[in-house]
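Colleague: predicted coordinates and the sequence they were generated for:
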Amino acid sequence: MPLLDIRKINCFYGDVQVIYDVSMYVEQGEIISLIGGNGAGKSTILRCISGLMRAGSGEILFENTPIQNSRPEKIVERGIIHVPEGRRLFSLMTVKENLMVGANNSRAYPQRNETIKDVYKLLPRLQERETQQAITLSGGEQQMVAIGRGMMARPKILMLDEPSLGLAPVLINEIFQTVRKIAEQGTTVLLVEQDVQNSLGLSDRGYVLENGKIAQEGTGRELLDNPSIREAYLGI
Amino acid sequence: MDIIIQALINGLLTGSYYGLAALGLTIIFGVIKVINFAHGSLLMVGMFAAYWMVRLTGWHPYAALIVVVPLLFLFGYALQGILIKPILEGQRDVREPTEVIIVTTGVWYILDNLALMIFGAEYRVVQTSITGQIFMLGDYIFPKAQLYGLITTAVTAGLVLWFLKYTKTGMSIRAASLDRDAASLMGINQYRVYNIAFGIGAMIAGIVGCVLIPFYYVFPTVGVIFDVKCFIIVVLGGLGSIPGALAGGVIVGLIESTFSQYMTSTWTELIVYVVFLAVLFIRPAGLFGEKRDW
Ligand SMILES: Nc1ncnc2c1ncn2[C@@H]1O[C@H](COP(=O)(O)OP(=O)(O)OP(=O)(O)O)[C@@H](O)[C@H]1O
Ligand SMILES: [Mg+2]
């Protein structure tokens, strides 16, 4: 039984369909990549999982329970945490406040003071920046706060939407290292990325989304070796 | 000179309760991004509650706070939860749905006309235990009721800021005010947060109502006077800014009190508008800007 099981979801913005019969699953402990070009529908899938929008049809099961009609806060409560594209920090709150808001759900809240120590261990830079307003941080630091804020919620599955977007190569490396560490510490990860090389290199399995449909799926290795993917996404 | 200093004192005292009234409005705007046109009417409800309390019991007008604070908090909470929430839910992508303006305007009309039906149109005053009492500092006069108003403003603003900064709910309110969707992703129920923010704004309007009772007429449309002042103050100070609301209130109070030494009050109103427009011309986002400070 997969931890997260998405069954034939279709998603619409108004009358415009952008996701077509997408099925995918994530097993406990896996790192899964969801890759695809701009506008393929990656973020839309995450938004459906986290309840920010409703799938028009289909089913989303988490720990065998349907969640496709639950409100976002109920989904967070269950342990599905979505770190959105573009960081979306609380700009005028400090780093520490951002992290503490991350622990808002009732499962994570009582343990927030212990969790923040773990987060600081994972992302030591955040402790140095504790009292700084989020808006004053560099892009890389902001992404780390976004990830740290997600970890504060004590996720069972952490969904990261393009965490490497717009970062310098050194920082991209650091972000992927962090993702690896998070997974090693036992959190399941669903990684949406356009950095195909890095994300598939790190992942157990991956899905390739094209125009709202799953075009390919397989292990990270298989997808990286796939000639059509190499051509389309790696330019080789 | 003495006259000027006395005028400044009066302006500060008046401006503080203006600022408090505006604080309620600015919090609602800051969090929910809607303008509550019923704000003055909620203030009127607070005034009538305090008025009848004093009339019937002869207690200190501030004793009415025991009733007014929870009553208006719940009223604001329910108003947002029942009437405004469906609009916000239906128009998730609209930042400031116009329907909300229509709804809050409707509540304003309903409350004012209910008061008119029940209490009639007359202007009422009530002799409270602090009405007309003064406190002297050197040669300067501090009317006790207004001085209490200043203290109430300071205490209320301090508590609100503390609540927003250090409590779990307060942090949720700030988070939702900065980014609704991100707050949802943190497990914050944004509509509950809005209910609470609206409740706090309404509660503050009620508190101002109690503050006013010892020295102000109460009548069904008294809120309109404060609505207009509050809108000016909130925009002057910077929409959503708490210090902006307080500073804006004091500025308006000072303009009214000092210029009224030299001209009639219709002219002081005009000067308030001139200053208002001048500030917006120089700083379109208001004195403290839209950048929120809480
Ligand atoms: N709020 C919206 N209203 C209407 N259409 C939208 C909305 N958000 C996204 N879309 C459309 O849905 C499709 C999928 O968008 P989505 O953001 O899921 O893509 P994505 O794969 O995350 O792309 P990117 O890599 O650029 O983030 C696109 O065609 C986009 O234009
Ligand atoms: Mg996207």
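Modeller: Good, I have the coordinates. Since the structure is predicted, the reported quantities are computational estimates derived from the model, not experimental observations. Ligands and ions are numbered 1, 2, ... in the order given.
Colleague: what does chain A put close to chain B?
Modeller: A:50-52, A:71-73, A:76-77, A:81-84, A:88-93, A:97, A:100-102, A:104-105, A:109, A:149, A:153 (CB under 8 Å from any CB of the partner chain). C-beta here means a position set from N, CA and C on the backbone, and glycine is covered the same way.
Colleague: just the buried members of those?
Modeller: The neighbour-count criterion (16 or more other CB atoms under 10 Å in any protein chain shown) marks A:50-52, A:71-73, A:76-77, A:81-84, A:88-93, A:97, A:100-102, A:104-105, A:109, A:149, A:153 among the residues of chain A next to chain B as buried.
Colleague: could you list the low-pLDDT ranges of the stretch 1-150 of chain B?
Modeller: B:95 (pLDDT under 70).
Colleague: how is the residue in it that chain A sits nearest to assigned, secondary-structure-wise?
Modeller: In the stretch 1-150 of chain B, the residue that lies nearest chain A is residue B:92 (9.1 Å; CB to the nearest CB). Under DSSP: H, G, I helix; E, B strand; the rest coil, the three-state class of residue B:92 is coil.
Colleague: count the neighbours of it for me.
Modeller: 11 (other CB atoms under 10 Å in any protein chain shown).
Colleague: equivalent analysis for residue A:185, please.
Modeller: 11.
Colleague: list the buried residues for the one helix or strand in chain A whose mean pLDDT sits lowest?
Modeller: In chain A, no helix or strand scores lower on mean pLDDT, DSSP states H and E than helix A:227-234, which sits at a mean of 88. For helix A:227-234, burial by neighbour count (16+ other CB under 10 Å) applies to A:229, A:232-233.
Colleague: again, but for stretch B:112-132
Modeller: B:112, B:115, B:124, B:126, B:128, B:130-131.
Colleague: show me where pLDDT drops low in chain A?
Modeller: In chain A, residues with pLDDT under 70: A:236.
Colleague: now name the helix or strand holding residue B:106.
Modeller: If you go by DSSP states H and E, residue B:106 is part of helix B:98-119.
Colleague: also residue A:106?
Modeller: Following DSSP H and E, there is no helix or strand that holds residue A:106.
Colleague: and the residue of chain A found nearest ligand 2, what is it in contact with?
Modeller: Across chain A, no residue is closer to ligand 2 than residue A:43, which sits at 3.1 Å (CB to the ion). Residue A:43 sits next to A:84-85, A:161, A:192 when contact means CB atoms under 8 Å, 6 or more residues apart in numbering or on different chains.
Colleague: try 6 Å this time
Modeller: With contact taken as CB atoms under 6 Å, 6 or more residues apart in numbering or on different chains, residue A:43 is in contact with A:85, A:161.
Colleague: SS state for it?
Modeller: Under three-state DSSP, residue A:43 falls in the helix class.
Colleague: also residue A:32?
Modeller: Secondary structure state of residue A:32, per three-state DSSP, is strand.
Colleague: does it really touch residue A:190, like I thought?
Modeller: Yes - with contact defined as CB atoms under 6 Å, residue A:32 reaches residue A:190; the gap is 5.2 Å.
Colleague: quickly list what's touching both of the two.
Modeller: residue A:26.
Colleague: what's the closest of the buried residues of stretch B:112-132 to ligand 2?
Modeller: residue B:112 (48.6 Å).
Colleague: for the helix or strand containing residue B:172, packing partners?
Modeller: Assessed by DSSP H and E, residue B:172 sits inside helix B:168-178. Here helix B:168-178 touches helix B:2-32, helix B:144-166, helix B:190-212, going by 3 or more CB pairs under 6 Å, 6 or more residues apart in numbering or on different chains; DSSP states H and E.
Colleague: that one: which residues count as buried?
Modeller: Buried residues in helix B:168-178, counting neighbours by 16+ other CB under 10 Å, are found at B:170-178.
Colleague: need those in JSON lines (columns: pLDDT and distance to ligand 1).
Modeller: As requested, the buried residues of helix B:168-178 are exported to JSON lines (pLDDT from 0 to 100; distance: CB to the nearest ligand atom, whole Å):
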{"residue": "B:170", "pLDDT": "97", "distance to ligand 1": "30"}
{"residue": "B:171", "pLDDT": "97", "distance to ligand 1": "28"}
{"residue": "B:172", "pLDDT": "97", "distance to ligand 1": "25"}
{"residue": "B:173", "pLDDT": "97", "distance to ligand 1": "26"}
{"residue": "B:174", "pLDDT": "96", "distance to ligand 1": "25"}
{"residue": "B:175", "pLDDT": "96", "distance to ligand 1": "22"}
{"residue": "B:176", "pLDDT": "94", "distance to ligand 1": "20"}
{"residue": "B:177", "pLDDT": "93", "distance to ligand 1": "21"}
{"residue": "B:178", "pLDDT": "93", "distance to ligand 1": "20"}
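Colleague: from those residues, pick the one nearest residue A:217.
Modeller: residue B:175 (36.3 Å; CB to CB).
Colleague: so which residues of chain A form helices?
Modeller: With DSSP state H, the ranges of helices along chain A come out as A:42-49, A:72-78, A:95-102, A:112-122, A:124-128, A:139-152, A:169-184, A:196-202, A:220-225, A:227-234.
Colleague: just checking, what packs against the fourth one?
Modeller: Identification of packing neighbours for helix A:112-122 by 3+ CB pairs under 6 Å, 6+ apart yields helix A:139-152.
Colleague: any weak-confidence spans in the stretch 151-294 of chain B?
Modeller: Ranges of the stretch 151-294 of chain B meeting pLDDT under 70: B:290-294.
Colleague: keeping just the C-alphas, turn stretch B:154-171 into CSV.
Modeller: Below are the C-alpha coordinates for stretch B:154-171, written out as CSV (Å, rounded to 0.1, in the frame of the first residue of the first chain):
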residue,chain,number,x,y,z
ALA,B,154,-2.5,52.6,25.0
VAL,B,155,-3.6,49.5,26.9
THR,B,156,-5.7,48.1,24.1
ALA,B,157,-3.1,48.8,21.4
GLY,B,158,-0.4,47.2,23.6
LEU,B,159,-2.5,44.1,24.2
VAL,B,160,-3.4,43.8,20.5
LEU,B,161,0.2,44.1,19.5
TRP,B,162,1.3,41.6,22.2
PHE,B,163,-1.4,39.2,21.0
LEU,B,164,-0.4,39.4,17.4
LYS,B,165,3.3,39.0,18.2
TYR,B,166,3.4,36.4,20.8
THR,B,167,0.4,34.1,20.7
LYS,B,168,-0.2,31.2,18.4
THR,B,169,-3.4,32.7,17.1
GLY,B,170,-1.8,36.1,16.7
MET,B,171,1.0,34.6,14.6
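Colleague: relative to the whole chain's centre, how far out is that stretch?
Modeller: In this view, stretch B:154-171 has its centroid 16 Å away from the chain centroid, taken as CA atoms, centre = their mean, to the nearest Å.
Colleague: what of stretch A:10-25?
Modeller: 18 Å.
Colleague: so, in contact with ligand 2 or not, it?
Modeller: No - counting by CB under 5 Å from the ion, ligand 2 is not contacted by stretch A:10-25; separation bottoms out at 11.1 Å.
Colleague: buried ones in that stretch, by neighbour count?
Modeller: Buried positions in stretch A:10-25, judged by neighbour count with 16+ other CB under 10 Å: A:10-11, A:18-19, A:22, A:24-25.
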